[in-house]
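K.L.:
Need coordinates for the following:
(one chain, ligands or ions: 1)
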Amino acid sequence: MNDQPSGTPRSDTPRSDTPRSDSGTRDYRATVFLPQTSFPMKGDLPKREPGWLERWERIGLWEKLRAQSAGRPKFVLHDGPPYANGALHIGHALNKILKDVINRAAQMDGKDADYVPGWDCHGLPIEWKVEEEYRNPKGKYQGGRDKDAVPVLEFRAECRAYAAHWLDVQREEFKRLGVAGDWAGRYATMDFPSEAAIAAEIGKFLMNGALYRGLRPVMWSPVEKTALAEAEVEYHDHKSAILYTGFPLTKAASEDLVGAEAVIWTTTPWTIPANRALAYGAEIDYALVVVDGVDDGALPRVGQRFVVAEALLGAFAKEVGLAAFSVKRVFKGAELAGAVAAHPLRGWDKAAQGNSVGYAFEVPLLEGDFVTTEAGTGLVHMAPAHGEDDFHLTRAHGIAVPECVADDGTYTVQAPGFVGIHVFKAHEPVWAALEAMGHLAGKGFITHSYPHSWRSKKPVIFRATPQWFIAMDDANRIRGKALQAIADTHFVPDQGRNRIGSMVAARPDWCISRQRAWGVPIAVFVEKKSGEVLREQAVLDRICAAFAEEGADAWYRPGAAARFLGEGRNPDDYEQVMDIVDVWFESGSTHAFVLRPRGLPVPADLYLEGSDQHRGWFHSSLLESIGTNGYAPFKAILTHGFVLDETGRKMSKSLGNVTAPQEVTKQYGADILRLWVMNADTADDLRIGKTILGQQAELYRRIRNTLRWLLGSLAGFEESETLPHAELPELERWVLHRLSELDARLRKAVADYDWNGVYPEIHGFCATDLSAFYFDIRKDSLYCDAADSPRRRAARTVLDALHRCLTAWLAPVLPFTAEEAWQARFPSEEGSVHLQGFPELPAEWRDEALAAKWDRVREIRRAVTGVLEKARGAGEIGSSLQAAPVLHLPPESLGLLPAETWAELCITSGLTLSGEPPPGGAAAPEGMPGVAAVFAHAPGEKCARCWRVLPEVGQSAAHPALCRRCEAVVEARA
Ligand SMILES: [Zn+2]
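P.N.:
Predicted coordinates for the structure are as follows:
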């Protein structure tokens, strides 16, 4: 009786599924065309879905699709590989479901959507797991295995087995989610041909000159003893020691500065022994300050002279406890040009250790454009090995880079007085040493956001080590070309462009080396005498050929150097590089070994991952392809958000708020999880939990009921029943218009990858336009009209279109349910809804003028149904068929529809139209001047078959309980 979405054909309408026989009259139940279908009300998805998967496998659906679409335009969504080291979590499910919907939709839109799923198999996390097993006292080695004593080939084999196991587990889990793809032909970065291709890609950078070895500060994990990529680092709060220390100026342009102490502030006290310079800002105002008085317990002394930025003087004085001070003068930083300071530990180690001489070097003051007065003192201490700015500024001034810290995070002999101490335990000794020298001005702790290894969760440090880099700005111009490619890429949502763009613009050269064992080696040689990298294609070719046959293990076999260097070279003259390549380089190369060898186009149409991949896979794929091909490997990038719990918190085992996809599939079915994805705005973060899944199950139930009613009402439908468009009533033509609108919406989503709102709209169509409106109105005709009546044929013509459209449109998101609803009508051994395309809708279905008219019609209908609801509420009537209201319309609306059509639409037994102004008391609904419905009982008796109340009932001698329409139908069937 109203347009509220109810989803199901209303059961309280008359002549519903159980027409009853009034006592004393004939039973006409058998003459009513009740819906008949084998499509069950209950989905039972956890039980039924595996059956469909088996069937698709059995009929070779994937192969059929490929064969069917041979020669069509390709659509390539290139799969970003998940990491093969555990069961799938909900984020994997979101990612693969979204990919699957897009692939299936492209396929049904007429493309050849060949999707090759893949896995990332190398890298530290798997090494870590294998090592954990070595250490585990309850593990297979009873904790008794020392990783460093295990031969590298044995260790690599264990890593390979570990990855292979999880690859298989994940593959089955993805399949269970209904994700279609070339699962048999999946790719893996550890496949031998992949390893060979990755080595060949590195070789391209070797040959074009972009690959070089250099000393650079990189993010270093002392725990894992390796360099880390930006993507392997996460930021957490960390309590760091801080200090203020003065560097006594020994030389300055102005005499009054000599002997004064240039004060620095640092949150990494352990870098003090590695200091080699100070940086100042030329435009910053600095104050020369004399201490006149200090607080109790303060470290500075009366008479000490400090140089600090004027803007930070107040904060500094408070921090270090200056009770009184006087500013001697203020000067521009430019005056510090050429000044030199002594290291604050100069002479300390001598005092402490008797004989060694350290920290005697000069500490020059250098202008640095990165110096600000935001925090600290406006003077920055430079430890060339431990900071990006530090490294570049000191290198520009020819200052050597000391290696004060070893790979395990302990001081080397280049930090006299601290050798063997771990840098994370160094603050106490450093404080003590500086205090002993009288230069410690302040100390304490702060808590701040600090980089940690995402694996070990331990803090990382900046550390200069010899690493392999790909130059961003050499003759190959990778950065410049990458920025241009970003400008040319289609981003969904568009903010992605700026995210990846700013990262590429600001990034340093790409450090691709890792000091680990499980990966593809950077298979290059360096000539010992010259330090030159060997750039020879023949050597490279030998390496790649061997890798393709034996895997990258070939690099680790005895005699590898002699084998690959070839005749005429003495392996003793060359260093065989044993670093492996960053896994981001590997996955960034997938376009090279997945797409091309299979004849799939590069660039791919689409890369689709979480928005964190702007610094991960999108980023490395872009740089890799720009460096080797000169163009991006993708035409478009689509990102999705992350999955949170129902209250918006991150999921974690400790919070107990984890929703596992395997559990959802078991309890509700994969189609529910898929519906959840597509009902969300995937550009944003998504939420999931029990309540939300319950809601999705309810939405699903409505869609299912719509399909069920369609199927039931189409029972026995023959093509010959179909009526041409021109002969359809307006109501039917309006439904077809709505289909044409939805079709356009869907095609647009296919074209621009923006699926936000598409499936909610289709659901809304099922619930509001169909179940609560169209189906409700047409039940009378479908159940009670003669089988060949034009009205019933028109309705079935439209139901046929609805079934074909809805099963096809739902197939990408609900592959199981759509198949079931398709097979329920078109059963076949070999067929599948997934072999269908989206129906091509005739252009004549689109009818904007009709749509505008029917907006008005539905608006007026709501005025009538409102009045009927009221009468029912008041007990005047039990069903709307007992009413025959008067509908008052303004003159311009009077000709919209004839009265009997209004009665059909309002599901009343009669309706009188009136052009008179509404009588007093019948107020027009808001915004609809001149419109009013006045309740009136329908005169006459109730037809025993259709329950309409009509004066004619009782006039027939043969069928006194029937209306004329029903009498004719019953007679014709007899
Ligand atoms: Zn009847």
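K.L.:
separation between Phe418 and the ion?
P.N.:
With distances taken as CB to the ion, to the nearest Å, Phe418 is found 100 Å from the ion. The C-beta positions use only the backbone N, C-alpha and C, and glycine is treated the same way.
K.L.:
got the contact list for Val308?
P.N.:
263, 286-287, 289, 316, 377-379 (CB atoms under 8 Å, 6 or more residues apart in numbering).
K.L.:
brain fart, Gly43
P.N.:
If a contact means CB under 8 Å, 6+ apart, then Gly43 has 669, 671, 700-701, 704, 817 as its contacts.
K.L.:
Take the contacts of Val308 and keep only those in helices.
P.N.:
Judged by DSSP state H, the contacts of Val308 include Phe316 as members of helices.
K.L.:
Keep only those of the contacts of Val308 that are also close to the ion.
P.N.:
The subset of the contacts of Val308 within reach of the ion, by CB under 5 Å from the ion, is empty.
K.L.:
filter the contacts of Val308 to the buried ones?
P.N.:
By neighbour count, with 16 or more other CB atoms under 10 Å, the contacts of Val308 hold 263, 286-287, 289, 316, 377-379 as buried.
K.L.:
TSV for these, including pLDDT?
P.N.:
Listed next are these as TSV, based on pLDDT from 0 to 100:
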residue	pLDDT
Val263	92
Tyr286	95
Ala287	92
Val289	91
Phe316	90
Thr377	90
Gly378	89
Leu379	91
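K.L.:
which one of the residues you listed sits closest to the ion?
P.N.:
Ranked by distance to the ion (CB to the ion), the buried ones among the contacts of Val308 are led by Gly378 at 93.2 Å.
K.L.:
And the closest one, how far from Leu393?
P.N.:
Using CB to CB, to the nearest Å, one gets 16 Å for the distance from Gly378 to Leu393.
K.L.:
repeat for Gly866
P.N.:
The separation that Gly866 has from Leu393, given CB to CB, amounts to 77 Å.
K.L.:
More neighbours: those two, which one.
P.N.:
Leu393 (22 against 14; other CB atoms under 10 Å).
K.L.:
before we move on, which element is the more buried one in?
P.N.:
Per DSSP states H and E: Leu393 is located in helix 388-396.
K.L.:
next one: Arg542
P.N.:
Here Arg542, judged by DSSP H and E, is contained in helix 537-550.
K.L.:
what comes into contact with that helix?
P.N.:
Outside helix 537-550, the residues that reach it (CB under 8 Å, 6+ apart) are 192-193, 195-197, 199-200, 203, 206-207, 520, 523, 525, 554-555, 557, 563-566.
K.L.:
Tell me the buried residues within those residues.
P.N.:
Among the contacts of helix 537-550, those classed as buried by 16+ other CB under 10 Å are 192-193, 195-197, 199-200, 203, 206, 520, 523, 525, 554-555, 564-565.
K.L.:
Filter the residues you listed down to just the ones in helices.
P.N.:
Judged by DSSP H, those include 192-193, 195-197, 199-200, 203, 206, 564-565 as members of helices.
K.L.:
Including distance to the ion and pLDDT, could these go into a markdown table?
P.N.:
Formatted as a markdown table, these follow (distance: CB to the ion, whole Å; pLDDT from 0 to 100):
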| residue | distance to the ion | pLDDT |
| --- | --- | --- |
| Phe192 | 76 | 98 |
| Pro193 | 73 | 97 |
| Glu195 | 77 | 98 |
| Ala196 | 78 | 98 |
| Ala197 | 74 | 98 |
| Ala199 | 81 | 98 |
| Ala200 | 79 | 98 |
| Gly203 | 83 | 97 |
| Leu206 | 86 | 97 |
| Phe564 | 91 | 97 |
| Leu565 | 96 | 96 |
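K.L.:
ok, which pair from these is furthest apart?
P.N.:
In those, two members sit farther apart than any others by CB to CB. They are Pro193 and Leu565, at 23.5 Å.
K.L.:
which stretches of the stretch 251-400 of the chain form strands?
P.N.:
Shown for the stretch 251-400 of the chain, the strands assigned by DSSP state E, counting those that start in this stretch span residues 261-266, 277-280, 285-294, 305-309, 322-332, 340-342, 362-367, 379-382.
K.L.:
quick one: the fourth one to strand 362-367, angle?
P.N.:
It refers to strand 305-309. 30 degrees (axes from the mean of the first three to the mean of the last three CA atoms, to 10 degrees).
K.L.:
Can you show me the helices along the stretch 101-250 of the chain?
P.N.:
With DSSP state H, counting those that start in this stretch as the criterion, the stretch 101-250 of the chain has helices at 124-135, 152-176, 192-208.
K.L.:
Just say which of the ones you listed is most tucked in.
P.N.:
By mean neighbour count, with neighbours taken as mean count of other CB atoms under 10 Å, helix 192-208 ranks first of the helices of the stretch 101-250 of the chain at a mean of 23.
K.L.:
Can I get that one in PDB, CA atoms only?
P.N.:
Once non-C-alpha atoms are left out, helix 192-208 reads as follows in PDB (Å, rounded to 0.1, in the frame of the first residue of the first chain):
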ATOM      1  CA  PHE A 192      62.100 -20.300 -12.000                       C
ATOM      2  CA  PRO A 193      61.000 -18.300 -15.000                       C
ATOM      3  CA  SER A 194      60.000 -15.400 -12.700                       C
ATOM      4  CA  GLU A 195      63.400 -15.500 -11.000                       C
ATOM      5  CA  ALA A 196      65.100 -15.400 -14.300                       C
ATOM      6  CA  ALA A 197      62.900 -12.500 -15.500                       C
ATOM      7  CA  ILE A 198      63.600 -10.500 -12.300                       C
ATOM      8  CA  ALA A 199      67.400 -11.000 -12.800                       C
ATOM      9  CA  ALA A 200      66.900  -9.900 -16.400                       C
ATOM     10  CA  GLU A 201      65.100  -6.800 -15.300                       C
ATOM     11  CA  ILE A 202      67.900  -5.900 -12.900                       C
ATOM     12  CA  GLY A 203      70.200  -6.500 -15.800                       C
ATOM     13  CA  LYS A 204      68.400  -3.900 -17.800                       C
ATOM     14  CA  PHE A 205      69.200  -1.300 -15.100                       C
ATOM     15  CA  LEU A 206      72.800  -2.600 -15.000                       C
ATOM     16  CA  MET A 207      73.100  -2.200 -18.800                       C
ATOM     17  CA  ASN A 208      71.500   1.200 -19.000                       C
END
